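**Student:** below are the sequence and a predicted model; questions follow.
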Amino acid sequence: MNISTRMFSRLRSQHFQTGLSLVELLVGILIGLVATLAISNLFSGFEARKRMIAGGADAQSSGVLAMYYMQRDAQNAGYGLPLYNSSDPSPLLCPIDTSINQGGVVMNLSPVVIVDGGTGNDIVRIRYGNPPSGGASVRATGNMVAPTLDGSLIGCQENDVVLFHQLPSNSNCSLGRLQKLNADRTINTIVEINTPPTASPVVILNGANWVRFSCLGAWNQYEYAVSAGLELTRTGGAPGGNPFPSSAAVPVASDIVALQAQYGITTTIDPTSGSATAAAFLNRVDQWVNATGIFGPTMALIDRNRIRAIRIAVVARDGNLQKVAVSQACNGAAAGVSRVCIWQADATPASVDLTSVPNWQRYRYRSFEATIPLRNIIWNRDAL
């Protein structure tokens, strides 16, 4: 090999070692971009999955908390109403408008009242007392403002709500408030004696038409509703020196977009009674009904006493706004989109109207349901 050939080979070798060509550089950049895009998509999917799991956990917590509060109160519905002996009728047979005004809130003896919200959210009102005696009663005689009791005054405190029930009549019932006790724990004064009563507010009748006196403690009303801020709120009695309902709505669960409730009623007459006029129905739920029609605001006593249970449904939102629609009504037909349904054990589950929630279809939801027997109504067997 001559000198010129060796020089050409050396120059060509040096030429090939000077760096990457433009094509090689572009290919390397493309591979890097593809790898970066793949990693970005992986992290984006992981982050979306994490947000969905976290949002679902938040909805789970909110729904469970909402149901806990309502179930706890509903299980106490009617507590404190006295249970008389088998020969005397239940106080649930008192006129349905037997009521008392506590702190500006008029409450009757109905343990549960559902206010139907139409296409919006329902309101659930639950009432019960807290007497240490559990609803024990004694016979009362004399003056209703300061009656004489035929027995010990068990578990009564000043400011307790008291029930006067003239027996064996069911039409003469009154509520009042025990304002003052004497040093020997006899009754000094009862005030706020409220309507009806159809009996005289002054004189308690003796003889066959005698009167039972019972302390209900603080006859509280707890109201559950969904606020404009999508919070489940609880309004009701406060502990301590003010046992009457307050006007402050306390949030108990966030991201609650719907509250629906129904009465569970019996339609089957007890075959041992032989008559429907005595409201002698069986202790079972035959039908679920909305708080409308005969079970609306003008409900009659016989229909109120057919209620054996309530069922409640809440819908909780996960709080993460999605880019596309991820939810639809229960009767929707879009593929790959979740349906929002309640009463899922029914043959035809029901939709809830969420159109008042902005961009409602771009959120995910979880539904929670509970059926709650009204045990303190069922125990008042003579009211059935």
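**Tutor:** Structure's in. What do you need?
**Student:** just confirm residue 212 contacts residue 162, I think it does.
**Tutor:** No - if you go by C-beta atoms under 8 Å, residue 212 and residue 162 don't touch, sitting 10.5 Å apart. Every C-beta, even on glycine, is put in place using the N, C-alpha and C of the backbone.
**Student:** so between these two, which is more surrounded?
**Tutor:** A count of neighbours by other C-beta atoms under 10 Å puts residue 162 above the other of residue 212 and residue 162, at 25 against 18.
**Student:** quick one: the helices in this structure, in order.
**Tutor:** Remark: helices assigned in the chain by DSSP state H are 3-16, 22-74, 301-304, 375-378.
**Student:** weakest of those in terms of mean pLDDT?
**Tutor:** Mean pLDDT is lowest for helix 3-16 among the helices of the chain, at a mean of 57.
**Student:** residue contacts, residue 128?
**Tutor:** 73, 76-80, 111, 219-220, 376 (C-beta atoms under 8 Å, 6 or more residues apart in numbering).
**Student:** how about 10 Å then?
**Tutor:** Contact partners of residue 128, counting by C-beta atoms under 10 Å, 6 or more residues apart in numbering, are 73-81, 111-112, 216-222, 237, 376.
**Student:** show me what it is bridged to.
**Tutor:** Taking DSSP bridges as the rule, residue 128 bridges to residue 220.
**Student:** how much space separates it from residue 23?
**Tutor:** Separation of residue 128 from residue 23 (C-beta to C-beta, to the nearest Å): 83 Å.
**Student:** cool, residue 369 as well?
**Tutor:** Distance, residue 369 to residue 23, using C-beta to C-beta: 65 Å.
**Student:** for residue 136, same thing?
**Tutor:** Separation of residue 136 from residue 23 (C-beta to C-beta): 97 Å.
**Student:** tell me which residues touch the residue nearest to the spatial centre of the chain, please.
**Tutor:** Of all residues in the chain, the one closest to the mean position by C-alpha atoms, centre = their mean is residue 70, 3.7 Å from it. By C-beta under 10 Å, 6+ apart, the contact set of residue 70 is 124, 126, 222, 224, 232, 234, 252-253, 259, 261, 310, 312, 314, 368, 370, 372.
**Student:** and residue 139, what pLDDT?
**Tutor:** With respect to pLDDT, residue 139 scores 81.
**Student:** residue numbering should commence at 400 henceforth.
**Tutor:** Sure, I'll start numbering at 400, so the last one becomes residue 538.
**Student:** can you count the residues close to the closest residue to it other than its chain neighbours?
**Tutor:** Among residues not flanking residue 538 along the chain, residue 549 sits closest, at 3.9 Å (C-beta to C-beta, 6 or more residues apart in numbering). Residues within reach of residue 549, counting by other C-beta under 10 Å, total 12.
**Student:** before we move on, what about residue 551?
**Tutor:** The burial count for residue 551: 11, using other C-beta under 10 Å.
**Student:** let me see the contact set for the closest residue to it other than its chain neighbours.
**Tutor:** Sequence neighbours aside, residue 537 is the residue nearest to residue 551 in space, at 7.2 Å (criterion: C-beta to C-beta, 6+ apart). Residues near residue 537 by C-beta under 10 Å, 6+ apart: 481, 546, 548-553, 555, 610-614.
**Student:** coming back round to it: so which of residue 768 and residue 422 has more stuff around it?
**Tutor:** Per other C-beta under 10 Å, whichever of residue 768 and residue 422 has more neighbours is residue 768, with 16 against 8.
**Student:** which ones are touching the more buried one?
**Tutor:** Residue 768 sits next to 462, 466, 659, 710-714, 741-744 when contact means C-beta under 10 Å, 6+ apart.
**Student:** which of these tops the neighbour count?
**Tutor:** The contacts of residue 768, ranked by neighbours (other C-beta under 10 Å): first place residue 713, 29 neighbours.
**Student:** tell me the contacts of that residue?
**Tutor:** Counting by C-beta under 10 Å, 6+ apart, residue 713 has contacts 461-466, 469, 520, 623, 625, 631, 652, 655-660, 741, 751, 765-769.
**Student:** re earlier: what sits opposite the residue nearest to residue 551 in the beta ladder?
**Tutor:** Here residue 537, judged by DSSP bridges, has bridge partners residue 612.
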